[in-house]
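J.: Quick one, fold the following:
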Amino acid sequence: MQKMKTLKGKGEADYDLKHDILFFKTKDREYVKSIEIDNITLDIDSEGFITGIQIFEASKFLRVTKQVLVNIPKWQFQATVFEGRLEIRLMFQIKVRNQIIEKNPIIMESLREPLPNSELVCATA
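T.: Numbering: from 1, shown residues only. Modelled structure (predicted):
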């Protein structure tokens, strides 16, 4: 069994309102390739860590309005690859009618492309 590599980092989030794309990225880590899974694109660095996540049709996928995604005050994502399986845990806050609401979607997929066992935790900078 392959050893688990771990990494923690600060990151940034951005939302493209016009195209409804939500993007989470680890600061100071450059990606060398991308992997597409359904409506999600994963950015992978030279060490095999998932360092960025783009969610297409984000408002539909997360079941929220586009307007609340423009300003996400606090967020974190945890991306774990273990024996060919991917698990992404998003934890973020949105503001609806002056009330903070926590969202915690979990994405689980089998990977068609091999990646090393790894875990990355990235949060608001």
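
J.: give the contact list for residue 91.
T.: Residues near residue 91 by Cβ atoms under 8 Å, 6 or more residues apart in numbering: 75, 76, 77, 78, 102, 103, 104. In short, each C-beta sits where N, CA and C put it, glycine included.

J.: Mind pulling up the pLDDT for the first one?
T.: It refers to residue 75. Note for residue 75: predicted pLDDT of 91.

J.: can you start the count at 653 instead of 1 from here on
T.: Shifting the count to begin at 653 puts that one at residue 727.

J.: Quick check: chain neighbours aside, which residue is closest to it?
T.: residue 744 (3.7 Å; Cβ to Cβ, 6 or more residues apart in numbering).

J.: what do you get for the second one?
T.: Residue nearest to residue 728 in three dimensions, not counting chain neighbours: residue 775, with 4.1 Å by Cβ to Cβ, 6+ apart.

J.: The helix or strand encompassing residue 774: which residues count as buried?
T.: Taking DSSP states H and E as the criterion, residue 774 maps to strand 770-776. Buried residues in strand 770-776, defined by neighbour count with 16 or more other Cβ atoms under 10 Å: 770, 771, 772, 773, 774, 775.

J.: Nice, that's everything, thank you.
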